[in-house]
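**Q** Predicted model and sequence follow; I will ask about them next.
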Amino acid sequence: MREFDLCVIGSGPAGQWAAIQAAKLGKSVVLVERRDVVGGVAVNTGTIPSKALREAILSMVDRQSAMPQMADFQRAREHSFRSLISSADRVIDAEIEIIQGHMRSNVVVVLHGVASFVEPHVVRVEGTYSSDTIRAAHVLIATGTEPARPDNMIFDDQTVITSDEILQLESLPHSMIVVGGGVIGTEYASMLSLLGVKVTLIEGRSRILDFVDGEIGEALQYHLSQGGMTLRLGEQVVKICKIEPTPGARTSDNTMAEAVLESGKTVRGDCLLYAVGRQGSTEELGLDKADLAADNRGRLKVNEHYQTSVPHIYAAGDVIGFPSLASTSMEQGRAAACHMFGEPIHLVSKLLPYGIYSIPEISMVGWTEERLTEEGIPFESGIAQYREIARGQLLGDDIGMLKMLIHQETQTILGVHTIGTGATELIHIGQCAMAFNATVDYFVNAVFNYPTLAECYKVAAYNGLNKLRSV
């Protein structure tokens, strides 16, 4: 039996950072990954592949601005889907090599196989050709999540799929139904729409991405509709099945997908992407042997130090639920490793930026207008339109905008929300200002490079101040 100070189960962002942090503290670490390659969902099927595909699409149509035009659709149809995926594959391979290099340089032992508890301090790893038994003083569970697959649905990797299979499609369908208007559904729906696929997005709530600022969310919906996407909001899907193609249907297969809505409507497409919820990947862990139990969505409950109910067993990343971001997972894994080995650390900041890589992309940090109104906090909004900014004109982005929410009394920045080119990069300026409790005067007096999108902050600050002064 091999002995280690720490056994990390899962090599996604949380697992990587926990393993490296513990190794930096001089601890012996083993990292267990069930796939043949490291990186977890983030590198292999989720964050990196989808963003690499997005960049390949934007590069292919020779366009970095927010919304496609008819010429972009034409160029998109001239390229094969597999050529785009090949571009994404190169990025994935590079990321895997980088992670493997980090593990080697930090002397982290990597084992490939399915991990399961034998007892609270003992983990069994069953690989394809061999098995290992590990005793560890501490264990970190960072197994991530996998797409939810309802029992009453039949997934076939071709007609009815999840986000795990979408990058394995051999060719683009002529039409696609996307069930779920969350981050994953919205991102893929917007990408496929840009590629000329006739997309119908079905969401049970009254709008997609209902956690983002209402004005930003409505702007995204408008521009997706303008790009040719059909949005069916406030509609519940009650049945999904495969059917024979209708006469004249443009499908390369002998089946189509059909979604039956609660209202009685039916929606048909060559392919259906089910993107409603994810489940914690804990089923194979044998949690009962470690005196642990997951909730009905496979997630583990932890305290502020990422400890489970068993003190030497920690959990971090998507497997513990909200906010389920790669960026926060990294910090959670690092914080867990520091706590288990007595290394002082500041807890992960609650001021988290959110980035949704739809086309156009959106990003946010801090409070939304809706939440401020609910809490009775007096605020004013300052808005800058990209079309007012020289850089926005240079980029050809006339739909982008940045909104700054300002406290009416203290004039501190309460939230920043943006849609358009570079939104996920631009948001970090607002994040830093909010971290230091900056007031709107900071942006009024700041000097930004010209021409840049960062100027939006100055314009939004003036706009907000003018409203506060009733100018």
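**A** Structure received. Numbering: from 1, shown residues only.

**Q** Dump the C-alpha coordinates for stretch 163-181 into PDB.
**A** What follows is stretch 163-181, C-alpha atoms only, in PDB (Å, rounded to 0.1, in the frame of the first residue of the first chain):
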ATOM      1  CA  SER A 163     -22.700  19.000 -24.000                       C
ATOM      2  CA  ASP A 164     -20.200  16.100 -23.700                       C
ATOM      3  CA  GLU A 165     -21.100  14.800 -27.100                       C
ATOM      4  CA  ILE A 166     -21.600  18.000 -29.100                       C
ATOM      5  CA  LEU A 167     -17.900  18.300 -30.000                       C
ATOM      6  CA  GLN A 168     -18.000  14.700 -31.300                       C
ATOM      7  CA  LEU A 169     -20.500  15.300 -34.000                       C
ATOM      8  CA  GLU A 170     -19.200  14.500 -37.400                       C
ATOM      9  CA  SER A 171     -21.100  17.300 -39.100                       C
ATOM     10  CA  LEU A 172     -23.300  20.200 -38.300                       C
ATOM     11  CA  PRO A 173     -27.000  19.500 -38.200                       C
ATOM     12  CA  HIS A 174     -29.300  21.700 -40.400                       C
ATOM     13  CA  SER A 175     -31.400  22.500 -37.300                       C
ATOM     14  CA  MET A 176     -31.000  22.000 -33.600                       C
ATOM     15  CA  ILE A 177     -33.200  22.200 -30.500                       C
ATOM     16  CA  VAL A 178     -31.400  23.400 -27.400                       C
ATOM     17  CA  VAL A 179     -33.200  22.700 -24.100                       C
ATOM     18  CA  GLY A 180     -32.000  24.900 -21.300                       C
ATOM     19  CA  GLY A 181     -31.200  28.600 -21.400                       C
END
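
**Q** what mean pLDDT does that stretch have?
**A** Regarding stretch 163-181, the rounded mean pLDDT is 90.

**Q** Report the buried residues of that stretch.
**A** Neighbour counts using 16 or more other CB atoms under 10 Å place 163-167, 169, 172-173, 175-181 of stretch 163-181 among the buried residues. Just so you know, the C-beta spots here come from the backbone N, C-alpha and C atoms, and that holds for glycine as well.

**Q** could you pull out the helices for the protein?
**A** 13-24, 40-44, 47-60, 70-77, 81-105, 183-194, 214-226, 326-340, 369-375, 390-395, 423-435, 440-445, 455-468 (DSSP state H).

**Q** Using a markdown table, lay out these together with mean neighbour count and distance to Pro120.
**A** Listed next are the helices of the chain as a markdown table, based on neighbours: other CB atoms under 10 Å; distance: least, CB to CB, whole Å:
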| stretch | mean neighbour count | distance to Pro120 |
| --- | --- | --- |
| helix 13-24 | 27 | 18 |
| helix 40-44 | 26 | 24 |
| helix 47-60 | 20 | 31 |
| helix 70-77 | 14 | 53 |
| helix 81-105 | 15 | 25 |
| helix 183-194 | 24 | 34 |
| helix 214-226 | 18 | 45 |
| helix 326-340 | 24 | 14 |
| helix 369-375 | 14 | 40 |
| helix 390-395 | 17 | 55 |
| helix 423-435 | 19 | 39 |
| helix 440-445 | 17 | 51 |
| helix 455-468 | 21 | 51 |
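
**Q** Adding distance to Tyr306, write these out as CSV.
**A** CSV is the format used below for the helices of the chain (distance: least, CB to CB, whole Å):
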stretch, distance to Tyr306
helix 13-24, 9
helix 40-44, 17
helix 47-60, 21
helix 70-77, 43
helix 81-105, 21
helix 183-194, 23
helix 214-226, 31
helix 326-340, 4
helix 369-375, 26
helix 390-395, 41
helix 423-435, 22
helix 440-445, 34
helix 455-468, 34
